[in-house]
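Enquirer: Test case, fold it:
(4 chains, ligands or ions: 2)
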Amino acid sequence: MPFIPHTEQDVTEMLDAIGVDSIEALFDEIPAELRVKGVLNIPDGMNEMAVARLMRERAAGDATGLNFIGAGAYEHHIPQAVWDIATRGEFYSAYTPYQAEASQGTLQLLYEYQTMTASLNGLDVSNASLYDGASALSEAVLMAVRAHRKSKSKRVLMPSTVHPAYRAVVRAVVKNQGIEIVELPYCAEAGTTLISELKQYEGQDITALVIPQPNFFGVLEDVDGLTDWAAANNAIAIAVVNPMTLSLLKPPGQWGQNGVDISCGEGQPLGIPLSSGGPYYGFITCKQAHVRQLPGRIIGRTVDLDGKPGFALTLQAREQHIRRSKATSNICTNQGLMVTASTIFMSLMGAEGLERAAAQSISNTQILADKLCAINGVERVFAGVNFHEVVLRLPKPVAGVLEALAERGIYGGYNMGTQYPTLSDCISVCATETKTAADLDAYSDALKAVLA
Amino acid sequence: MPFIPHTEQDVTEMLDAIGVDSIEALFDEIPAELRVKGVLNIPDGMNEMAVARLMRERAAGDATGLNFIGAGAYEHHIPQAVWDIATRGEFYSAYTPYQAEASQGTLQLLYEYQTMTASLNGLDVSNASLYDGASALSEAVLMAVRAHRKSKSKRVLMPSTVHPAYRAVVRAVVKNQGIEIVELPYCAEAGTTLISELKQYEGQDITALVIPQPNFFGVLEDVDGLTDWAAANNAIAIAVVNPMTLSLLKPPGQWGQNGVDISCGEGQPLGIPLSSGGPYYGFITCKQAHVRQLPGRIIGRTVDLDGKPGFALTLQAREQHIRRSKATSNICTNQGLMVTASTIFMSLMGAEGLERAAAQSISNTQILADKLCAINGVERVFAGVNFHEVVLRLPKPVAGVLEALAERGIYGGYNMGTQYPTLSDCISVCATETKTAADLDAYSDALKAVLA
Amino acid sequence: MSTLIFEQSRPNRIAVAQMASAVEVKGIPAALRRTTRPLLPQVSEMQVVRHYTRLSQKNFSIDTQFYPLGSCTMKYNPRVCNSVALQPGFAGRHPYAPDTSGQGLLASMYDLQELLKEVTGMKGVSLTPAAGAQGEFAGVAMIRAYHDSRNDTARSEIIVPDAAHGTNPATAIMCGYKVKEIPTKDCGDIDIDALKAAVGPQTAGIMLTNPSTVGVFERNIKEIAKIVHDAGGLLYYDGANLNAILGKVRPGDMGFDVIHMNLHKTFSTPHGGGGPGAGPVGVSGRLLPFLPIPMVTKEGDKFRWLTEKDRPESIGRLSAFTGNIGVLIRAYVYARLLGREGMERVAEYATLNANYMAAELQKAGFELAYPERRATHEFIVTLKKEAKELNATAMDFAKRLLDYGFHAPTTYFPLMVPECLLIEPTETESKDVLDGFVAAMAKIKAEAQQDSSLLKGAPYTLPSRRLDDVRAARELDLTWKAGNVVS
Amino acid sequence: MSTLIFEQSRPNRIAVAQMASAVEVKGIPAALRRTTRPLLPQVSEMQVVRHYTRLSQKNFSIDTQFYPLGSCTMKYNPRVCNSVALQPGFAGRHPYAPDTSGQGLLASMYDLQELLKEVTGMKGVSLTPAAGAQGEFAGVAMIRAYHDSRNDTARSEIIVPDAAHGTNPATAIMCGYKVKEIPTKDCGDIDIDALKAAVGPQTAGIMLTNPSTVGVFERNIKEIAKIVHDAGGLLYYDGANLNAILGKVRPGDMGFDVIHMNLHKTFSTPHGGGGPGAGPVGVSGRLLPFLPIPMVTKEGDKFRWLTEKDRPESIGRLSAFTGNIGVLIRAYVYARLLGREGMERVAEYATLNANYMAAELQKAGFELAYPERRATHEFIVTLKKEAKELNATAMDFAKRLLDYGFHAPTTYFPLMVPECLLIEPTETESKDVLDGFVAAMAKIKAEAQQDSSLLKGAPYTLPSRRLDDVRAARELDLTWKAGNVVS
Ligand SMILES: Cc1ncc(COP(=O)(O)O)c(C=O)c1O
Ligand SMILES: Cc1ncc(COP(=O)(O)O)c(C=O)c1O
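Expert: Ligands and ions are numbered 1, 2, ... in the order given. Have a look, this model is predicted:
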């Protein structure tokens, strides 16, 4: 029996000790009519050899192309040490560190993670993770509503330059709590959120303003202006950022006069494989003043009976397992192992490693965009400053072009039309530091061929 | 600087402490004329990302076919846990367990390995590994010469059914010590070593007789008769065996009336990847009486200062680092990590797992041989009993057939003609438990097509 | 505490082998640039490997210790599940790569959906929720969507037993409901009278775990279903305890309308020191339209993700992409390893182990919270006597168990059982280990009888002695700042 | 000691997921069949994982501790080297698969041959030896083959300095030579007069390590080469200490005819608790024909293995297949990570670290064995004073260092330095770690001054206290038998 260590003799002895005749007897409190009739329609068990082969064959055909898609998930180099260590049994197969003394490894790592993440965002505190970037933004919105006691409107301004899927998730999560999400249009020329568009909301009761950086078009927003607008209008400022870019970009804690209140985003670029979309992890950081509204687990440093420093879960009174219906969130299991990997990743890369990866990604994307725009009919859509992603207009229907590129082994970008009707002839393209000059050429050659 | 942690400040402080101006000055005892002139003609360093990609591309084209070759290296299922654990840093990056107290993990594992290996061979003791099967056989021959003080001839009888490469290695290793290796012919019909062929050596001073099981043709030898012959003729009996087969076959310690004196072989089938030929490991076991002639490291159980049991290297006085020119062998570094993996493998498989893998391999090879022999002109060469390997005669030149099969994604077998001129139209074929019915069909279909 | 990684940092040290070549950043206006570097350590690759390898050794984990944490199903996590998920074809695939480039993955996800439907008796499954709590959110949001779709908008309450996991009430609130708690009777079953009194036109639904978190099977489940359904409410099944009934009873057959499954429990995906998990949701026919997206569909022999377009009534998306695919792959591999027979045995042996331990602990003089009941895959010991008579609390036992090399059971949950240990051995532990745990408990009790201060000082043999939680919360130290030394 | 895996075994327990389906064995005569099962444990997969994971935690290793074992070059082993080698294309390839199916591998092996030639200044390289000692065997066998090929058969002696590693004399014997030992002078250089007296028509060659095992560079190497060559002998270079001179001096330029390299030292392949290593040999022009097979050649843009047919004068094969390919891949990856500059820096920083530690230990009151000399990548502290005055031996210091979290240096080697610690920090350790080690040494000395019995009892904090070696050898217990309990 896979993974069951019992011998027949064990079973006999155990049943004797319990005082029943059969294992079946242990289910005698379940009403008979509810019991599964016959056997489940599930395939026979396979041994590891057979399963591994099946899955090797299934994986063999997947993801064989060169990837130039970004759109919220970024292909960066991940040092081998990261997952070698993260998947050590002691990290991999441990539970949430409820017994602090038996979990100092995970706890110290998380404290280090909190430090790195808070610093990357230029804010005071960080939790120990949320599910992903989109859920982090949703929690940030809920947190803003809780934190901003004076605001009664529960109105949150949301630029349409925020990742469309994030906006969808926020809608799904907050819609039952009477929160209103107001979407802000973007400037079709610059590809950014114009402060002038906010004019109409001045003087109104706005709970929070969300500020993406870089935005979904890969364009840099006027984060200082937007943050100051929020402050001036008594709205909580929520940043949603790509942490890899924060090695080069001003951290949200320093935006505008006083920085944002909350900064969140997707941790995936920091050492997490693309994995078709998950598991990733969401991070959330905030000013000290808001720490009691922060959802999820938080680790604190304390001392033990001998007065020696050590780590423990803290502020648990915010959490569902203690606070129940009054908790800051329902989150329980988070994305611990991802954060483990990410902490190892950040330690290996250091600030300089992140800077270099980000700078190379910018440079590669720039070079690629120039190459592609040299092809007849391909052009940049937005005038704003790009980070490592760029929206391009194509002279042929996008879906067909992407398909043709895929057949040539190039995953050429994200089809913008699926989310922005006015950009139906556009793709967004990203070339990270993983791409060589030859890769960039391969893409532009393929596109040339496809568009010819 | 890859893997060098020094900061400039560290270097300055360290040079100051030493009292020199530059690192260069530390090389001042090397005669100037010997110093490397200019720079080495070696490529620039690459980062991990680039090296990993280069090597991914190189590996991608290799070994893409279905393997039906045995001939001394066998493709068996290796549970994922085996290498996940063996490559944990604490095993992977430790040295030889010279400091016993800081190496109890490796030492206990090796004691368990010795127990399993001795038991598998039906003998009293095992060392902690040699380089590979061929080097183990060479050491066994040297050991026999040392152990058999009464024999002055240094003549060792070596069946030609022993793996040709093993025989080559033995020759290379023992040739400078005045040891004579006498090769015994095999019976062309049975594919085994006939005891009748030994008649001529009766009454002579024979130091040792080597007995392979199964032999290189995959055929089972009359090991009882051969062992008894050795005993009757005052020769040391050396078994050279495939440990996977010992789950089903009589262990060398029980061959004949009294068992062999020494049993050795290749550990690869027990959890070691094929890896184009290495690293594998050689095992060697013997009767208690010979333990002081056993080469290589040996672990013993003892007690610590508190009287608690623990493990340590023992009988080191046989080894080169103590005994120097009088050592039993020059071996120092052995194949520790392979033995680590193999011990985990044996623990996971247990006797039943080995039996099943071996039985499936026999069965698959049998089925495959029957299928192939149904093709016109293909036939079995030997009448003896096969284990999981079989020699087949082909109706077309072997090299061309194997090439054509490889083009169809089938590595069809070992070309016997390279080592046995009389078998120049033969291949040996092996189908382990890793092969499915569909795989066997794929092979026979391909061979049909190639021979058509 | 090990030296923090920051304390090992030195200016300008870098792990060169991991660095992209340095290029100049052009075009980003100074006003948008960072001026001071973030506090990331400057260390060598070996320092990182050594630091985190050593930290890892300070953890208890399934791979190193018995970990009978009730409600958490800490069973063996097969290593092959991990290696399969990390294959480049799976791990390297971008979520927006074309479906044609992920047919192997999608086939596996489709199979998993089908398999979970069969195991739970539900009509449809969406794999997207990232953990149990997100599954709960999806489930309750679907209940709401269902009522809304029928314009049945007065339903404002979710009923939750007092034994329920904290995520249940917290989730109900997140979905805009009020929570109505009902009590558990001394026998461990729900108080039916209280339930009857609680239901009404305001009832949107009830959230139940069965077996419940007190480790017994709710025998009146059919009646409960009828009461709630009759009142127009729906039944939510918290699948955290599915391990107890796999192959024996199916939530769908019990009358539940919507469920979540914790694959990181029943399907053995690793807990990873806190996650990630996966909390797929399953529904009965009437909730099918509302399942969260994306889901996988099969068209001919091709697979594709369903999106908003395909499922306009869906409650929407819960994560930016597809949920925790890597976890789902691991669960799928586990399910294939087990197969039908293996799956049916899970509940049997998990239950055998729990009942055996319960019996042995009782023989050793410990009091079971529900001595008249069968244990399911877990059971509760209450140490209220020991706390009172020996001044040895559940916390003390928990900490002392660590010294004996056992992770502690879940303590102080469920809340209404005083000084409780919720013990879940799982099916992958051998009798020897269970016996060892029982012996340790007996020994600890004997220690307490001798001198209970010994327990108060525990643990003694771990990297830390007992840690001061109160101070942690009072003097918040959540990030390292150069020089913040605790003393 | 942890419970042995055998003691966790129970009859008929198996790890089912790893089992092939059971088929009947047909055709094997009963006389050849096994009748009783071998003593392999009957345990579950989790038991195996838990047992060996826990055992691993009892080891010191590079990934967890400073490991300054002289002559062993315990440097950081980059993790990527391992993952590259374990790729299916490499790890899954049968050694007799056609060369066409291994072009990626063969290209890498060819590159490695070329790279090692350049680094050592030799004319040809064979990668096949499995470790240093096998490389030595190959080297001395080539010396013999060379003399034999010239019918110069009276040469019966190999000269070996007394400081040489034990493998050197042991190897000479294996090649049928007699060993003539020559002394090392107080300054650490070889006694040239003794050498002159030793050479003659019976001299086949000399085996040298340079830097030698006493941690200094043999300054008279040119003269030594001349003396030996003039006598008709050849020079063998034991490359165990190549780390000290990488990119600075090349054995080929020093006049050596044949060398081996320990890739598991200088090229950072892991030691694996005792191996595997790789000990490629390099030769000058006159020994080229004798190199062991197989070797890789490049023909056009294709690579293939050279065999007996291609190299009829080869000393032959040293292993059944190709040597330790997996190790060679790791070494190749490491070499490519380093590249030219990285390689040149290895010697620099290894030397800097050694000289710094030597200076600091001297300041802390320890006596260097060769205080007048530069340290190379390693150096020797002699504790003869401490042994005499404080009754604190090298062994005592070694064991006490373990309590401070440092692996001990090499002790009692080379043999002619009394109470010696041979200390090799390697280039991958940071100054902080070196400082920590020096501080620990000073502290231990202070402890010894207080009460040397403290040291005799060390270690105190490890899984075992000091182990009884004598008993281990006297009461041999080499395999477990049900019931053999040590007490
Ligand atoms: C009974 C119960 N319900 C719900 C949950 C929440 O699941 P998750 O932690 O995956 O969010 C848990 C697990 O912690 C649980 O034990
Ligand atoms: C100086 C010296 N020579 C030779 C050897 C032998 O090398 P190996 O252990 O790889 O056989 C060693 C290593 O142990 C050594 O230190």
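Enquirer: what are the ranges of the helices in the stretch 201-350 of chain C?
Expert: Ranges of helices in the stretch 201-350 of chain C, per DSSP state H, counting those that start in this stretch, are C:221-230, C:251-254, C:263-266, C:325-363.
Enquirer: Check whether the longest one comes near chain B.
Expert: No: judged by C-beta under 8 Å from any C-beta of the partner chain, helix C:325-363 stays clear of chain B, getting no closer than 10.3 Å. Yep, even glycine has a C-beta here, placed from its N, CA and C like the rest.
Enquirer: out of the helices of the stretch 201-350 of chain C, deepest packed?
Expert: Counting by mean count of other C-beta atoms under 10 Å in any protein chain shown, helix C:263-266 has the highest mean neighbour count of those, with a mean of 28.
Enquirer: Any chance you could list what contacts that helix?
Expert: With C-beta atoms under 8 Å, 6 or more residues apart in numbering or on different chains as the test, helix C:263-266 has contacts from A:333, C:72-73, C:131, C:239-240, C:242-243, C:246, C:269-271, C:275-280, C:327-328, C:331, C:346.
Enquirer: try 7 Å this time
Expert: Helix C:263-266 is contacted from outside by A:333, C:72-73, C:240, C:242-243, C:246, C:269, C:271, C:277-278, C:280, C:327, C:331, using C-beta atoms under 7 Å, 6 or more residues apart in numbering or on different chains.
Enquirer: Nearest to ligand 2 among the helices of the stretch 201-350 of chain C would be which one?
Expert: Closest approach to ligand 2 among the helices of the stretch 201-350 of chain C (C-beta to the nearest ligand atom): helix C:325-363, 39.5 Å.
Enquirer: Give me the helices and strands touching the helix or strand just after that closest one, please.
Expert: Using DSSP states H and E, the helix or strand that follows helix C:325-363 in sequence is strand C:367-368. With contacts taken as 3 or more C-beta pairs under 7 Å, 6 or more residues apart in numbering or on different chains; DSSP states H and E, strand C:367-368 sits against strand C:379-382.
Enquirer: just checking, next helix/strand downstream of the strand it packs on?
Expert: Per DSSP H and E, strand C:379-382 leads on to helix C:384-390 as the next helix or strand towards the C-terminus.
Enquirer: Now tabulate the helices of the stretch 201-350 of chain C in JSON lines and tack on distance to ligand 2 and mean pLDDT.
Expert: Formatted as JSON lines, the helices of the stretch 201-350 of chain C follow (distance: least, C-beta to the nearest ligand atom, whole Å; pLDDT from 0 to 100):
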{"stretch": "helix C:221-230", "distance to ligand 2": "67", "mean pLDDT": "97"}
{"stretch": "helix C:251-254", "distance to ligand 2": "61", "mean pLDDT": "96"}
{"stretch": "helix C:263-266", "distance to ligand 2": "45", "mean pLDDT": "98"}
{"stretch": "helix C:325-363", "distance to ligand 2": "40", "mean pLDDT": "97"}
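Enquirer: Take those and write them to JSON lines, including distance to A:S363.
Expert: Listed next are the helices of the stretch 201-350 of chain C as JSON lines, based on distance: least, C-beta to C-beta, whole Å:
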{"stretch": "helix C:221-230", "distance to A:S363": "61"}
{"stretch": "helix C:251-254", "distance to A:S363": "54"}
{"stretch": "helix C:263-266", "distance to A:S363": "40"}
{"stretch": "helix C:325-363", "distance to A:S363": "30"}
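Enquirer: need the contact list for C:D238.
Expert: Neighbouring residues of C:D238 by C-beta under 7 Å, 6+ apart: C:136, C:165, C:168, C:207-209, C:260.
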